[in-house]
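> Quick one, structure for this:
(chains A, B, C, D, E, F, G and H, ligands or ions: 12)
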Protein chains: 8
Amino acid sequence: KRRGIPEVIFAETKELDEIKKITKRTLEKTNSVIVSRIKKSDYPKILAFAKRLKVKIKTGKNSSSLLLYNKPIKFQGGKVGIMTAGTSDIGVAEEARLMCEAMNCKCITSYDVGVAGIQRVFPILKEMVNEEVDCIIVAAGMEGALATLVSTLVDIPIIGIPTSVGYGYGEKGIAALASMLQSCSLGLSVVNIDNGIAAGGIAANIANRAIKKNNLK
Amino acid sequence: KRRGIPEVIFAETKELDEIKKITKRTLEKTNSVIVSRIKKSDYPKILAFAKRLKVKIKTGKNSSSLLLYNKPIKFQGGKVGIMTAGTSDIGVAEEARLMCEAMNCKCITSYDVGVAGIQRVFPILKEMVNEEVDCIIVAAGMEGALATLVSTLVDIPIIGIPTSVGYGYGEKGIAALASMLQSCSLGLSVVNIDNGIAAGGIAANIANRAIKKNNLK
Amino acid sequence: KRRGIPEVIFAETKELDEIKKITKRTLEKTNSVIVSRIKKSDYPKILAFAKRLKVKIKTGKNSSSLLLYNKPIKFQGGKVGIMTAGTSDIGVAEEARLMCEAMNCKCITSYDVGVAGIQRVFPILKEMVNEEVDCIIVAAGMEGALATLVSTLVDIPIIGIPTSVGYGYGEKGIAALASMLQSCSLGLSVVNIDNGIAAGGIAANIANRAIKKNNLK
Amino acid sequence: KRRGIPEVIFAETKELDEIKKITKRTLEKTNSVIVSRIKKSDYPKILAFAKRLKVKIKTGKNSSSLLLYNKPIKFQGGKVGIMTAGTSDIGVAEEARLMCEAMNCKCITSYDVGVAGIQRVFPILKEMVNEEVDCIIVAAGMEGALATLVSTLVDIPIIGIPTSVGYGYGEKGIAALASMLQSCSLGLSVVNIDNGIAAGGIAANIANRAIKKNNLK
Amino acid sequence: KRRGIPEVIFAETKELDEIKKITKRTLEKTNSVIVSRIKKSDYPKILAFAKRLKVKIKTGKNSSSLLLYNKPIKFQGGKVGIMTAGTSDIGVAEEARLMCEAMNCKCITSYDVGVAGIQRVFPILKEMVNEEVDCIIVAAGMEGALATLVSTLVDIPIIGIPTSVGYGYGEKGIAALASMLQSCSLGLSVVNIDNGIAAGGIAANIANRAIKKNNLK
Amino acid sequence: KRRGIPEVIFAETKELDEIKKITKRTLEKTNSVIVSRIKKSDYPKILAFAKRLKVKIKTGKNSSSLLLYNKPIKFQGGKVGIMTAGTSDIGVAEEARLMCEAMNCKCITSYDVGVAGIQRVFPILKEMVNEEVDCIIVAAGMEGALATLVSTLVDIPIIGIPTSVGYGYGEKGIAALASMLQSCSLGLSVVNIDNGIAAGGIAANIANRAIKKNNLK
Amino acid sequence: KRRGIPEVIFAETKELDEIKKITKRTLEKTNSVIVSRIKKSDYPKILAFAKRLKVKIKTGKNSSSLLLYNKPIKFQGGKVGIMTAGTSDIGVAEEARLMCEAMNCKCITSYDVGVAGIQRVFPILKEMVNEEVDCIIVAAGMEGALATLVSTLVDIPIIGIPTSVGYGYGEKGIAALASMLQSCSLGLSVVNIDNGIAAGGIAANIANRAIKKNNLK
Amino acid sequence: KRRGIPEVIFAETKELDEIKKITKRTLEKTNSVIVSRIKKSDYPKILAFAKRLKVKIKTGKNSSSLLLYNKPIKFQGGKVGIMTAGTSDIGVAEEARLMCEAMNCKCITSYDVGVAGIQRVFPILKEMVNEEVDCIIVAAGMEGALATLVSTLVDIPIIGIPTSVGYGYGEKGIAALASMLQSCSLGLSVVNIDNGIAAGGIAANIANRAIKKNNLK
Ligand SMILES: Nc1ncnc2c1ncn2[C@@H]1O[C@H](COP(=O)(O)O)[C@@H](O)[C@H]1O
Ligand SMILES: Nc1ncnc2c1ncn2[C@@H]1O[C@H](COP(=O)(O)O)[C@@H](O)[C@H]1O
Ligand SMILES: Nc1ncnc2c1ncn2[C@@H]1O[C@H](COP(=O)(O)O)[C@@H](O)[C@H]1O
Ligand SMILES: Nc1ncnc2c1ncn2[C@@H]1O[C@H](COP(=O)(O)O)[C@@H](O)[C@H]1O
Ligand SMILES: [Mg+2]
Ligand SMILES: [Mg+2]
Ligand SMILES: [Mg+2]
Ligand SMILES: [Mg+2]
Ligand SMILES: [Mg+2]
Ligand SMILES: [Mg+2]
Ligand SMILES: [Mg+2]
Ligand SMILES: [Mg+2]
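Residues are numbered from 1 along each chain as shown, chains lettered A, B, ... in the order given. Ligands and ions are numbered 1, 2, ... in the order given. Predicted coordinates:
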């Protein structure tokens, strides 16, 4: 059995009652659960439900996902850096953060970095390098160029999340996905559009791996 | 009648004999013609044919296009900068150069700039700014990030040419096209994949426009 | 730093509060800002907010974008012509106009030109030529033929905006985009579907460039 | 049983021997057969085979199709006009002509009309109107604008054939097809890309219908 | 000027006020106008507006289009048959009928023919043949097989309208469109998905053509 | 372990030597193997190799697949009917037949049925019903209408194979696939384009299942 | 006439009144009817209507389809197993169950099997094998891997239903469909995305076939 | 400057002479270079050229890439596991191995694992876990299910490479890519189709990171 990955409930295609039932059942068996992609109208109801369950709650800015847990989560895992190109990408980035934290990783976030202001990228990356993050998640929509840019600048493994920001040809994250997959810079792999959960999962796996090996020594 | 744009013969879908006939006929009526996208096997034959016609010839490095003309072309038009991300984009860039030159523009070229080595982009752009180019053409394949990067750095109009370099998802220039169209940097417009002719045409129009106004004063 | 391009806030993927905050902050630092692609329900609220801020406001007919500014904008830049094929394209064209005006260009507009009535195109173009516009923006949906037609008739640089008007195969601007990219007429480059902002940005860059050179003399 | 439509053998996906066998068998049962989309290497062999069969042969310029028949075909049917935008579209247009002639229609052709030279379209259409053609076939590649243009100018039914001429986004006839389907001009319907046979079939049906009714009177 | 085709106002992308204004203005200049693809909520309002204008009105079953006219329309044109595969295709078929009638054609309709019950197709076609229709419009969604079937059975020109009925792969009319374009049966051409207006336009052109020639005799 | 399905070697992406090695090794372990999608130039070499191995060989008309086996195959399984719309679909249909026979099924084939000649479909289906086939495979390219037609006429399970026959929009089997998936007739499921192996596999499973149950009684 | 397949009314594209009228009419002629893909707001109204009609009703969990019938349905047909990968696929699976039951098949269902917990698949399949199901339906969204997995483990015919669960690249069932069609495991065929009706129809045909042959003995 | 990633020359779009020149120049500046995606006809020539250069050479089985280097490469980096679903995926996997080795990683490979024989996957993964690999690369074509399967079984970071193996819908790696991106199993990220270089680059980055941290202690 894999211990690292928490239960994740995809709420989008489920009825409110189903979500509540599965959430309750899961928190009786394990310490934490992420309820992700909650419909806007269901969000306050699930939040209230979680409060009635008397479990602890972490929310993410602009995010439709929630992290619920019984006992405090210890940050004894690795360290993950999370960046976004714009403010519209923050919700997805926060979902990744919740996932990383559920998997015991510390997160350093830097949102709305842009590529239009290249000079802002350098100091942010410098800090992440100094903090010795084990992996950097880059969430970017439209043409997704930030992921390429970052991965040309550091040797840290990069996980790109194309986001569904943009309109016209290549909308819904398609341009960003294509762009990240075609990136001529090496050291970058990607997850599906808007999939902060998947990005958090692999980033935490990478970061925790480094720590685990350390601890085994 | 538009005087600015030379005749262009798309050779790819024509038989060798048709190309020769149209070329000959055109050069009897106008000073210059571009024969573009010549099949590899037809290229030397058309070159030889042009020599027999005793017209002047300009070729482009790695390019399948030829510029043929009777009287020397004067560079009294505007100035155009041309950059490529990689060496594989040079053929397309050269096609654009031939078009610009046929339209009386001076060209400054800088090939294989890359984005992997960002620091190489700055001095090149500085030179182009100093040279007062009126327009910059950027040819880039794969994820096409160079066009975005350049257009965030200068106020000069940029024409992006996505090139059909790359493989896998987004191949055949699709990722580069989507990426340039989605670019969050403003000041960039695009032509179709590998269409150096179209890029040259609009760039020269832009550059010559600036000059024309000047001269009117 | 690039001085030509104003700040543009893409409102579509932002919460109302975020939009207000960023708008306010931006107008404290710079003279003008465009808030673009505002959700229908947010539009009157942002308009009211702008009034409370006591900044000047320019709206566009049928457009979801707003131009907000502190001090009057001087039209010392170049001149841009803007045409639409139908009445449904006007909103996008107006967005381009706001952008051009924010960048100090004078605009001449001619909406609902159509291609069905070809004879109406000629006098409009004649006027634009006489007015010495430096660039023409053509917004067209469905099969987008107007952009091709216009660019066969004048040597002025044309920026095509495919619009998302139409239904069935090639809907959402895809046919118009493909058609403009495939155009066998030279002198045309395009921006993404419905992207009036991008079209305005490059058109103004082109037009201002011509003027700048003039002024340098 | 339908008498109007001749047998058509799609040669592209058949072995040479199969084609010969089916051709022979068909000409023993009916007066005419079209062998269409013959592989380049098979073409001379099928031509030679037809000569050995002692049947009559009509070929089309640049076309990969052949019309074979026993007894002379009478042109007692309707009249069809056929136009192409470029010289590269001629092969497909000729295939349509062979089909129309096999179905007893007279054809008036006008190839390489272009849209770049709009003024050339008017006299051609005038002639076709004067000749009282019952239907006009327009073959055009790239952005396929000629079909739209023609159908805005006359009340005659137009059949558009998008051709697979062009490269980059919208290549292989996709832009032309989308463009013709999206055409805001009414009076136009289309067949599949490069399908001269289908265009000829429906055009001849239309033209012969008009005649038939006439004759019934 | 083309006299055959009435004015058509595409209401979908227009504001209610614009639609009313254009409708009124058009009916002052010409006898009839079709307002097509009216938003559900605008439909009763436009109907009421038309009544206030005291013009005559024809509606179509399940259709979002209206035919408005001043003087009675005479059916001195040709005859058009209209069939649908299912009940869901009726709205689009009725739009085609309104267009045909606006163009003076008599229409014979037969809806919900299906392909599942092949035997029902034969008597319907028989009747249309007996009625000497000049053209048959076939509206079909999902796999669109009815258009192929009908065109294998008669020599009358067929106009296929793929409809956006269906779900899953090939939904939104894409399968029906592809299927009709690929049809191995000859005598069929198509218009865009759900485009009853275009189908009516070309069908009426075909039918009226036959009559016109007759009358000229 | 599943006993019903034979080993299948996809030859297309393998070197000749690899194919030979795997073939030999497999025939030492099991009674039969299908080598499928053999490159044209490899086909005679693999045939010769099989002869040297002294194994029995079954070939298919126009097919790139081979069935090799040691001991005679008994037809104690179910019965499968196989139809094709055109002669170009025969190769794929034969591949399905080889697969069915390798799985001990008797096959009844009827090739080049067409939909243009509907009346030919009825007697063929009647025979298959009389023969009590347990499943019918229908291979069809272009618009793939034959599969829909057949499945409206019998209650026997139908497996559709879209074939890559056709050109233009919907080419490479895409129209046929979409059409079969969208089919409004029930009783039809599909395999991938040109995948005779998969069709044979499921058809034989269906047919053998019926027999197995019988035998258990 | 085919007796096996019940009438199915696709409610999604029909008005409530039409649905009621057709439902009533059908139940007067035949014993059962399935009303499928009912709009959420119509569902309770159709349920109430059915109660007023005094017919028997079967509903499916999370399903938008209803089975209505006059006389009790006998389960004298074959046996079908139905599995889903997740809880979001249950609605579609239940639609398939209603169809199978309308066709007299017994159904064994096992929902939310997942692929993440592979060990849960084995006992479920074991039970289905023991129950001697004649066919297994597998409904799965996202990457649809469960269908491949199941079909590698048993020789029973598998019908895959890709469901429209998932987001990002390959959403709306496209990844699941592609994955099932590409499956390297043999014995699997598919129906269109979310098409539980089609899956139920072919599965019941398969299962009833086996029984029928038995009974004939 | 990034030290971890070696120079990679994409040979596919370059002339032989260019490749040689760049290769030579690169090996004078750095210790190693990978020449990737060499055209079949260029491969032996580049091999011979490398021998003349007297540099060391590593080739990959079935791979079109070469690793050239001056001084022996030390395996002081991390450890990477590499698996393929089929034998056709080996070339791509080997390209990844060359990249990993150029980046000082030890590699454990296990090719042609399949998903048809699930039981073979378990012992292979067990060995990789025992060997303490830091990352596993999974190359799979067709439906790409192996990547999902592996990532459900271990907590090690997985990099999926979709390969262009397969035909029909979802061919050229598209189904495998969609499937891996949609994977409901967490811990998986992907690179572009056939991009062994990119997979090797990120995998080595991950593996070396773990070691680096260790060594810092
Ligand atoms: N730094 C880069 N930015 C964008 N594209 C690049 C870059 N470097 C190479 N490419 C693309 O990668 C392809 C191969 O590069 P090269 O090996 O230099 O020919 C070219 O088409 C370039 O467009
Ligand atoms: N004026 C035009 N309008 C539309 N398509 C054109 C025009 N001129 C050329 N083309 C297309 O461009 C392609 C090449 O033209 P040509 O060089 O004349 O063969 C042809 O397929 C034409 O369809
Ligand atoms: N009647 C038909 N129905 C569906 N497809 C057909 C029909 N006739 C021919 N085809 C397709 O057209 C292609 C060419 O037919 P043929 O010339 O007989 O090989 C084949 O792939 C057939 O699938
Ligand atoms: N068990 C499998 N799972 C996923 N893909 C497979 C499997 N077996 C073979 N393949 C794919 O099928 C293709 C052909 O397999 P092979 O014949 O072993 O080369 C390869 O690209 C594999 O990726
Ligand atoms: Mg920002
Ligand atoms: Mg380079
Ligand atoms: Mg208009
Ligand atoms: Mg031409
Ligand atoms: Mg019906
Ligand atoms: Mg045939
Ligand atoms: Mg589940
Ligand atoms: Mg294998």
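> my guess is A:Gly168 contacts C:Val190, does it?
No. Look at A:Gly168 against C:Val190 with CB atoms under 8 Å: they stay out of range, at 10.5 Å. C-beta: built from backbone N, CA, C; applies to glycine.
> what residues are shared contacts of the two?
By CB atoms under 8 Å, 6 or more residues apart in numbering or on different chains, A:Gly168 and C:Val190 have these common neighbours: B:181, C:177.
> And those two? Which one has more around it.
Neighbour count, other CB atoms under 10 Å in any protein chain shown: between A:Gly168 and C:Val190, C:Val190 has more, with 30 against 24.
> and the more buried one, bridged to which residues?
B:Val190, C:Gly160 (DSSP bridges).
> Determine if any part of the helix or strand containing A:Val35 is in contact with ligand 11.
For A:Val35, the element it lies in under DSSP states H and E is strand A:32-36. No. Between strand A:32-36 and ligand 11, judged by CB under 5 Å from the ion, nothing touches; the nearest distance is 12.8 Å.
> Who are the packing partners of that strand?
strand A:7-10, helix A:16-29, strand A:66-69, helix A:90-102, helix A:196-216 (3 or more CB pairs under 8 Å, 6 or more residues apart in numbering or on different chains; DSSP states H and E).
> from the ones you listed, which stretch is densest packed?
Ranked by mean neighbour count under mean count of other CB atoms under 10 Å in any protein chain shown, the helices and strands packed on strand A:32-36 are led by helix A:90-102, which reaches a mean of 27.
> I'd like the average pLDDT over it.
Regarding helix A:90-102, the rounded mean pLDDT is 98.
> any idea of the angle that helix forms with helix A:196-216?
Relative orientation of helix A:90-102 versus helix A:196-216 (axes from the mean of the first three to the mean of the last three CA atoms, to 10 degrees): 30 degrees.
> can you dump the C-alpha coordinates of helix A:90-102 into PDB?
The C-alpha atoms that make up helix A:90-102 are tabulated as PDB, following Å, rounded to 0.1, in the frame of the first residue of the first chain:
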ATOM      1  CA  ILE A  90      -3.500  31.300  -8.200                       C
ATOM      2  CA  GLY A  91      -6.500  29.000  -7.500                       C
ATOM      3  CA  VAL A  92      -4.800  26.100  -9.300                       C
ATOM      4  CA  ALA A  93      -1.400  26.800  -7.600                       C
ATOM      5  CA  GLU A  94      -3.100  26.800  -4.200                       C
ATOM      6  CA  GLU A  95      -4.700  23.500  -4.900                       C
ATOM      7  CA  ALA A  96      -1.200  22.200  -5.500                       C
ATOM      8  CA  ARG A  97       0.000  23.700  -2.200                       C
ATOM      9  CA  LEU A  98      -2.800  22.000  -0.300                       C
ATOM     10  CA  MET A  99      -1.800  18.700  -1.800                       C
ATOM     11  CA  CYS A 100       1.900  19.300  -1.000                       C
ATOM     12  CA  GLU A 101       1.100  20.200   2.600                       C
ATOM     13  CA  ALA A 102      -1.200  17.200   3.000                       C
END
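> What residue spans form the domains of chain A?
A:7-69, A:79-216 (automatic domain parsing).
> lowest-confidence helix or strand of chain A?
Between all helices and strands in chain A, the lowest mean by mean pLDDT, DSSP states H and E belongs to helix A:196-216, at a mean of 86.
> So is that one next to chain H?
Yes. Using CB under 8 Å from any CB of the partner chain, helix A:196-216 reaches chain H at A:197-199, A:201-202, A:205-206, A:208-211, A:213-214.
> How about stretch A:49-67?
No. Counting by CB under 8 Å from any CB, chain H is not contacted by stretch A:49-67; separation bottoms out at 13.6 Å.
> So which bits of that stretch are buried?
Across stretch A:49-67, burial judged by 16 or more other CB atoms under 10 Å in any protein chain shown covers A:49-50, A:53, A:55, A:58, A:60, A:62-67.
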